[in-house]
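Asker: Provided below for reference: sequence and predicted model.
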Amino acid sequence: MLDRLPLEIQIKLLFMVPNSNLKLINSHFYILYHDLYYHKIVNVFGEDTINVIIKILPWLKPYIKSLDVFRKEARLIIANRLQLEDVPVIVNDTGYPTHRNPLNCQFIKDSWKYIYSILKNKRLYAEYSDYKIDEPSNYIFNHYVEINRTYLLSYNKICWLAPGTYNLNIALAVKNGQGLGTTKFEVKYQEYNAKGGLVTRSQSFYPPTNINEILPKNQFVSLKIGQFTIPSPSQQTSKYYKQEGNHNNKLHQVEISMEEIGLYLKSGFRVYYIDISQPSMLYNEYDLLYYSVNENDYRYFINILLKNLYKALNYVQNGGLPDDASVQYGRDIYGNGDPFTILKQYDKSFLLEYDSMDMSASSSTSSVSSLQDYTLYDNKKILNYGKFFYLDHFKKRYFKFTTIYQQRQFINRFGDYTIDWKDEGKEDEEKVCHYDEDGLKWRIPILGQL
């Protein structure tokens, strides 16, 4: 009966029901729920972002395809009902797909919720080219930055964010962790004042001074640094955006920086990525300080497909210009980058024959050598990588909350995670804590709700 109501009323009902649970009634509401994410992309990011999505399809589709290891049945509800085809991404000389409607296919039209999460969150993977450190005393790795006896530490990156509230987190592993407490994190953006001049706004964050003692050693840790807000454009700012001819782009150009503020030695930790994520129940409702996983091998935490995707996305959004603060450019360059220009910078180690439980696969650092590697990707190898990354045995996390009260609230709702953490031999079916039982939430950008 509900699906006979006018479409406007059906949409209002979806928003009114907590967590949009109306989507679970039948396939009609399930498809409508996911289709609303397309409209949310346009409303939140602007129409210009659709052109950006088309440009990054050769990197977007392999990532979405890898998610089939845990969401294939749900995705096929949409794909079968809409009779979507799995169309390979073949691009022409201009870098655009040759398919008439490149978005009307499997892994795109049946996955708008996941595409929205990629655009809304940003995961800035660590690369040595982005960090200024005392290079001679450090070892160079391809998927993380090892900080080993350096006094110089500086990092800055430009990214595009929609107005809203975000958590700023850093993923790292600590050996002895000297000097972490004297690191400053800063978020900067510009907006127009009443006189038409550009004004720089900034928000600064500092880890706890005793952070070296708080964090566990030799484990993957996602540490919350702070929370910041990107405001909606003021009337004055919107006016100048329209004058610049980019009123279809609703994003802010934001600079993320990290630097040493003292003369202290930094040593004994590695950085995997800086995570800019939309608010989540764990960090915001329960005031989580950090979570950890008892492993520090980067292959379990650095998703090669997602890393390549964000590299392509940032390059396109930045208009093909460097994504650091050394180059100043305006909003008119948004979306003009050609991701195939940096073809050799993408990693293709996901093309190895990964087995979900076999650690014998070597960590290739080879870059993509031909366009065909991405336009005609190997589905079997992508699914093998998906099984390895999403279905491995690291499903238990340890949570450190800011207060004992928040810890007790979490345990009362989901179960005692400390029991699971101590009993490594316990089967998944016997877990006491039922939060994120499949161990998937921390592996993908936060999905959120309508």
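Answerer: Cool, got the structure.
Asker: Which parts of the stretch 51-200 of the chain are strands?
Answerer: 122-125, 131-133, 145-147, 153-161, 164-178, 183-192, 198-205 (DSSP state E, counting those that start in this stretch).
Asker: would you turn the ones you listed into TSV with mean neighbour count?
Answerer: Heads up, the C-betas are built off the backbone N, CA and C, glycines and all. Shown next, in TSV, are these (neighbours: other C-beta atoms under 10 Å):
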stretch	mean neighbour count
strand 122-125	21
strand 131-133	18
strand 145-147	23
strand 153-161	20
strand 164-178	20
strand 183-192	18
strand 198-205	12
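Asker: Helices along the stretch 1-150 of the chain, start to end?
Answerer: In the stretch 1-150 of the chain, the segments counted as helices under DSSP state H, counting those that start in this stretch are 7-16, 27-45, 48-55, 57-66, 68-81, 112-120.
Asker: just those helices: most buried one?
Answerer: Most buried of the helices of the stretch 1-150 of the chain, by mean neighbour count (mean count of other C-beta atoms under 10 Å): helix 57-66, with a mean of 25.
Asker: thinking again about what came up before, which stretch among the helices of the stretch 1-150 of the chain comes nearest K387?
Answerer: helix 68-81 (5.2 Å; C-beta to C-beta).
Asker: re the thing from before, can you add mean pLDDT and distance to N284 and give the helices of the stretch 1-150 of the chain back as CSV?
Answerer: Output for the helices of the stretch 1-150 of the chain, formatted as CSV (pLDDT from 0 to 100; distance: least, C-beta to C-beta, whole Å):
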stretch, mean pLDDT, distance to N284
helix 7-16, 86, 20
helix 27-45, 92, 19
helix 48-55, 93, 25
helix 57-66, 94, 26
helix 68-81, 95, 25
helix 112-120, 97, 15
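Asker: circling back: between the strands of the stretch 51-200 of the chain, which gets nearest to I261?
Answerer: strand 183-192 (4.6 Å).
Asker: Just the angle for the closest one relative to strand 164-178, thanks.
Answerer: 160 degrees (axes from the mean of the first three to the mean of the last three C-alpha atoms, to 10 degrees).
Asker: hmm, who's touching strand 183-192?
Answerer: Identification of contacts with strand 183-192 by C-beta atoms under 8 Å, 6 or more residues apart in numbering yields 153, 168, 170, 198-207, 225-226, 228, 230-231, 233-234, 236-237, 239-240, 252-261, 266.
Asker: quick one on the thing from earlier: which one of the strands of the stretch 51-200 of the chain lies closest to F394?
Answerer: Per C-beta to C-beta, nearest to F394 of the strands of the stretch 51-200 of the chain: strand 164-178, 13.4 Å.
Asker: from the chain's centre, how far out does the closest one sit?
Answerer: In terms of C-alpha atoms, centre = their mean, to the nearest Å, the centre of strand 164-178 is set 14 Å apart from its chain centre.
Asker: Does S277 touch T165 like I think?
Answerer: No. Assessed by C-beta atoms under 8 Å, S277 is found out of contact with T165, at 10.3 Å.
Asker: What distance do you get for L7 to S66?
Answerer: Taking C-beta to C-beta, to the nearest Å as the measure, L7 falls 33 Å from S66.
Asker: ditto for N80
Answerer: 20 Å.
Asker: do the same with G177
Answerer: Look at G177 and S66: by C-beta to C-beta, they are 33 Å apart.
Asker: repeat for I304
Answerer: With C-beta to C-beta as the criterion, I304 and S66 are 10 Å apart.
Asker: Mutual contacts of these two, please.
Answerer: Residues touching both I304 and S66 by C-beta under 8 Å, 6+ apart: F350, Y385.
Asker: can you tell which of the strands of the stretch 51-200 of the chain is closest to T49?
Answerer: Once the strands of the stretch 51-200 of the chain are compared by C-beta to C-beta, strand 153-161 is nearest, at 9.1 Å.
Asker: helices and strands around the closest one, which ones?
Answerer: Counting contacts by 3 or more C-beta pairs under 8 Å, 6 or more residues apart in numbering; DSSP states H and E, strand 153-161 packs against strand 122-125, strand 131-133, strand 252-260, strand 267-277, helix 304-317.
Asker: Return the alpha-carbon coordinates of that strand using CSV.
Answerer: C-alpha atoms of strand 153-161 as CSV (Å, rounded to 0.1, in the frame of the first residue of the first chain):
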residue,chain,number,x,y,z
LEU,A,153,58.3,16.8,10.6
SER,A,154,55.9,18.7,8.3
TYR,A,155,52.9,17.7,6.2
ASN,A,156,50.3,19.5,4.3
LYS,A,157,47.6,18.5,1.8
ILE,A,158,44.8,20.1,-0.1
CYS,A,159,41.4,18.4,-0.4
TRP,A,160,37.8,19.4,-1.2
LEU,A,161,35.2,19.0,1.5
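Asker: partners of it in the sheet?
Answerer: strand 131-133 (antiparallel), strand 252-260 (antiparallel) (DSSP bridges).
Asker: Show the pLDDT at G245.
Answerer: Here, the pLDDT recorded for G245 equals 53.
Asker: One more: V368?
Answerer: In this model, V368 carries a pLDDT of 45.
Asker: what bits of the stretch 151-300 of the chain have low per-residue confidence?
Answerer: 235-247 (pLDDT under 70).
Asker: tell me the domain ranges of the protein?
Answerer: In terms of domains, the chain is parsed into 1-120+303-392, 124-210+222-292 (source: automatic domain parsing).
Asker: For Q406, which of those domains is the nearest?
Answerer: Among those, domain 124-210+222-292 comes nearest to Q406, with 4.8 Å by C-beta to C-beta.
Asker: So what's the gap between that closest one and the chain middle?
Answerer: How far domain 124-210+222-292 lies from its chain's middle: 13 Å, per C-alpha atoms, centre = their mean.
Asker: Quick check: end-to-end length of that domain?
Answerer: Using C-alpha to C-alpha, to the nearest Å, one end of domain 124-210+222-292 lies 19 Å from the other.
Asker: Leaving out the residues flanking it, which one is nearest to Y38?
Answerer: Among residues not flanking Y38 along the chain, W112 sits closest, at 4.6 Å (C-beta to C-beta, 6 or more residues apart in numbering).
Asker: give me every residue that touches that neighbour.
Answerer: By C-beta under 8 Å, 6+ apart, the neighbours of W112 are H34, D35, Y37, Y38, I41.
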